[in-house]
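[1] Here's a sequence, model it:
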Amino acid sequence: MGDIRDGDGGRGGVAGSGCDLVLRGGTVYDGRGGAPFTADVGIVGDRVVAIGPGLTGREVLDVEGLAVAPGFINMLSWANESLIADPRGQSDVRQGVTCEVLGEGESMGPLTEAMAADLVAEQDGIHYPVTWRSLAGYLDHLAARGVAVNVASFVGATTVRIHELGSEDRAPTPSELERMCALVEEAMRQGAVGVCASLIYAPASYAATDELIALARVAARHGGLYAAHLRSETGRLLEAVDEHLRIARESGARAEIYHLKAAGRANWATLEEVIGRIEQARDDGLEVTADMYPYTAASTGLDAAMPPWVQEGGPEAWRARLADPAVAERVEREMRDPHAGWENLLIAAGADHVRFTQFRSDALAHLTGRTLADVARDRRISPERAAIELVREDGSRVGAAYELMSEQNVMRELGLPWMSFCSDSPAFAPEGVFLRWKPHPRGYGAFARVLGHYVRERSALTLPEAIRRLAALPAQNLRLRDRGILRAGAYADIAVFDPDTITDHATFDDPHRYATGMRHVLVNGVPVLRDGEHTGALPGRVLHGPGAAHHSTP
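    This next block holds a predicted model:
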């Protein structure tokens, strides 16, 4: 290896040959948000060793005219099961994603024996044995099987609650809360990037603010992040933001708002006040950030349209209660009440704007892609009653997309310097088990949509700034060392794409369509996408949070 010079902000040069791979003549966006520059990028093993002119190596890829950027970090991913079914992570890799961040509220550990059995029982299409019990055990299991992308995970606040309380609607006793905190402590030492809550869903919604402060305080001691799907994104959004900021202040944790939005037409104007409160908190010294997906529709289940009390005890208890005519009548009545005091996305969206994306039952699969209003009319019942029947018949929460946000608000959020990006989705491929569903198009297009539609076509943000917020900002928030940036010494997670052609193609009617324009993707120095095609390589690793210690996991 020749002499490596790391001047000019981490650029540099290599005398002689010795690089394993050189990306020749691309337009480098280093992730800092500044102006791009033309340079070669030299890689040895899993690291970038130099960025500058005239680099030589055993293999050279001509990337002239293409953008060369740090690989993108999917700040909220549900690829925890899809990567078991298909470790290539195709829909995300083909958009430049090199790291999936898991654990929104529920994580794949820690698990009791009963939780492990429930995880098997609730599997939908993707079937696998649950051989681990700790969060680190799951992550190590995934990496040992081989995976194309890096993976990191929060420990779920919901998961540690179920571990100690089951799905009961009550506060933990002091000893139970102590054990919950100990589980967060253990997960942080095993490498969790923080603790995450998802507060509109039962049993997460049963947690009081003080409980969340206690868990976030443990994560903060290890340098971890507190992230949350807020307790409300509709009529009580401002109160939910205030709770989030209180948790950050009182726990000492840095805080992230997952998929920030003002949901429902009646609440769209609230977004400006939300932004004002967050920016005031940031001015006051709180480290508060957020992420988003660039669409006006959300995607979740019909549980987000039903009261939390009926879901106490878990999915089987929920469905059993709905079989009682008196309970079903009460639930139907409360689902129509805009003042019921819980988050109801059906009221926010309207039945004509709730589209089904996923059923477990083959007998109901023909309803995929139709709206709740359509099905209710066919059955000659109310939309609320139709939702109740479908949950019972399908034996699942029933996946659905809710049209909730305004394009004006999406554009406003895209311009915020503290906003990163996510898919809030599994990583799919247009084949096999994934064809059972008609998922939200964000699973195939979220990141390409930022770069194509919103950067190139609508000028909502500049390309250097978009890359900063796709890579460096989430890496900084998660405290992932030497990731999310292009400089000598950083890991060689790299996305190479054509900024003039990168485009998302997935729609709700035709969701299984890959984005185009991404040419090459490297993970830990290994090409996983070459000339727009997946190589089949599986070089991904577990990325640990700042509190990680050496450990062995069962």
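[2] what packs against the longest helix along the chain?
    Taking DSSP state H as the criterion, the chain has its longest helix at helix 174-190. When contacts are defined as 3 or more CB pairs under 8 Å, 6 or more residues apart in numbering; DSSP states H and E, helix 174-190 packs onto helix 135-145, strand 155-156, helix 157-165, strand 194-198, helix 209-221. C-beta: built from backbone N, CA, C; applies to glycine.
[3] Export those as TSV, with columns for mean neighbour count.
    As requested, the helices and strands packed on helix 174-190 are exported to TSV (neighbours: other CB atoms under 10 Å):
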stretch	mean neighbour count
helix 135-145	21
strand 155-156	32
helix 157-165	24
strand 194-198	30
helix 209-221	22
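[4] any chance of those in TSV, plus mean pLDDT?
    Below are these laid out as TSV (pLDDT from 0 to 100):
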stretch	mean pLDDT
helix 135-145	97
strand 155-156	98
helix 157-165	98
strand 194-198	98
helix 209-221	98
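[5] quick one, strands of the stretch 451-554 of the chain?
    494-497, 518-523, 526-530, 533-534 (DSSP state E, counting those that start in this stretch).
[6] follow-up on the earlier one: the longest helix of the chain relative to helix 209-221, how many degrees between them?
    30 degrees (axes from the mean of the first three to the mean of the last three CA atoms, to 10 degrees).
[7] If we go by neighbour counts, what in helix 174-190 is buried?
    Neighbour counts over helix 174-190 (16 or more other CB atoms under 10 Å) mark 176-177, 180-181, 183-190 as buried.
[8] quick check: angle from that helix to helix 157-165?
    Using the same axes, to 10 degrees, helix 174-190 lies at 130 degrees relative to helix 157-165.
[9] okay, now Asp283: neighbour count?
    As a burial measure, Asp283 scores 8 neighbours (other CB atoms under 10 Å).
[10] now the one 5 residues further on
    For Val288, the count of nearby residues is 23 (other CB under 10 Å).
[11] do Thr368 as well
    So Thr368, with other CB under 10 Å, has 16 neighbours.
[12] Report the separation between it and Arg436.
    8 Å (CB to CB, to the nearest Å).
[13] Where do the helices of the stretch 301-450 of the chain begin and end?
    315-322, 325-335, 345-349, 372-379, 383-394, 407-414, 442-449 (DSSP state H, counting those that start in this stretch).
[14] Nearest to Ala35, out of these?
    helix 407-414 (20.4 Å; CB to CB).
[15] coming back round to it: in a markdown table: the helices and strands packed on helix 174-190, plus distance to Met335.
    Formatted as a markdown table, the helices and strands packed on helix 174-190 follow (distance: least, CB to CB, whole Å):
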| stretch | distance to Met335 |
| --- | --- |
| helix 135-145 | 35 |
| strand 155-156 | 27 |
| helix 157-165 | 23 |
| strand 194-198 | 20 |
| helix 209-221 | 26 |
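[16] winner for burial among the strands of the stretch 451-554 of the chain?
    Of the strands of the stretch 451-554 of the chain, the one with the most neighbours on average (mean count of other CB atoms under 10 Å) is strand 494-497, at a mean of 28.
[17] one step back: can you redo the strands of the stretch 451-554 of the chain as JSON lines with mean pLDDT and distance to Met75?
    Below are those laid out as JSON lines (pLDDT from 0 to 100; distance: least, CB to CB, whole Å):
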{"stretch": "strand 494-497", "mean pLDDT": "99", "distance to Met75": "15"}
{"stretch": "strand 518-523", "mean pLDDT": "99", "distance to Met75": "17"}
{"stretch": "strand 526-530", "mean pLDDT": "98", "distance to Met75": "20"}
{"stretch": "strand 533-534", "mean pLDDT": "98", "distance to Met75": "23"}
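[18] Ala328 is nearest to which of those strands?
    Using CB to CB, the nearest of the strands of the stretch 451-554 of the chain to Ala328 is strand 533-534, at 46.7 Å.
[19] who does the closest one pair up with?
    If you go by DSSP bridges, strand 533-534 pairs up with strand 526-530 (antiparallel).
[20] what's the angle from the partner strand to strand 518-523?
    160 degrees.
[21] ok, and what's touching strand 526-530?
    21, 46, 88, 93-94, 148-149, 518-522, 534-535, 537-539 (CB atoms under 8 Å, 6 or more residues apart in numbering).
[22] Then stretch 367-374?
    Contacts of stretch 367-374 (CB under 8 Å, 6+ apart): 346, 350-359, 375, 383, 386-387, 390, 400, 437-438, 508-509.
[23] residues of it that come out buried?
    Quick answer for stretch 367-374 (16+ other CB under 10 Å): 367-369, 371-374.
[24] and the residues you listed, which two are the farthest apart?
    So, those by CB to CB: farthest apart are Thr368 and Ala373, at 15.4 Å.
[25] rewinding a little: next, format the strands of the stretch 451-554 of the chain as TSV and append distance to Ala228.
    Compiled in TSV, the strands of the stretch 451-554 of the chain are given as follows (distance: least, CB to CB, whole Å):
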stretch	distance to Ala228
strand 494-497	28
strand 518-523	29
strand 526-530	31
strand 533-534	34
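[26] Tell me the spacing between the nearest residue to Val331 once chain neighbours are set aside and Gly350.
    Once flanking residues are discounted, Val331 sits nearest to Val310: 5.4 Å by CB to CB, 6 or more residues apart in numbering. Val310 is 22 Å from Gly350, where distance means CB to CB.
[27] which of the two has more neighbours?
    The residue with more neighbours, out of Val310 and Gly350, is Val310; 23 against 17, by other CB under 10 Å.
[28] got a list of what that one touches?
    Here Val310 is in contact with 318, 321-322, 327, 331 (CB under 8 Å, 6+ apart).
[29] how does it look with 10 Å?
    Applying CB atoms under 10 Å, 6 or more residues apart in numbering, we find Val310 in contact with 202, 303, 317-319, 321-322, 324, 327-328, 330-331, 334-335, 388, 391.
[30] same deal with Phe434?
    Phe434 sits in contact with 82, 85-86, 90-91, 125-126, 426-428, 443, 511-512, where contact means CB under 10 Å, 6+ apart.
[31] what about 6 Å?
    Counting by CB atoms under 6 Å, 6 or more residues apart in numbering, Phe434 touches Phe428.
[32] do Gly26 as well
    Gly26 neighbours (CB under 6 Å, 6+ apart): 63, 66, 68.
[33] mind redoing it with 8 Å?
    For Gly26, the contact set (CB under 8 Å, 6+ apart) comprises 38-41, 63-68, 496.
[34] tell me which of the residues you listed is nearest to Glu164?
    The closest of the contacts of Gly26, once distances to Glu164 are taken by CB to CB, is Val496, at 46.6 Å.
[35] Tell me if I'm right that that closest one and Ala67 touch.
    Yes. Val496 is within contact range of Ala67, at 7.0 Å (criterion: CB atoms under 8 Å).
[36] now the residue positioned nearest the centre of the chain, nearest residue through space, not along the chain?
    Nearest to the geometric centre of the chain sits Leu76, at 1.2 Å (CA atoms, centre = their mean). Spatial nearest neighbour of Leu76, chain neighbours left out: Cys422 (3.6 Å); criterion: CB to CB, 6+ apart.
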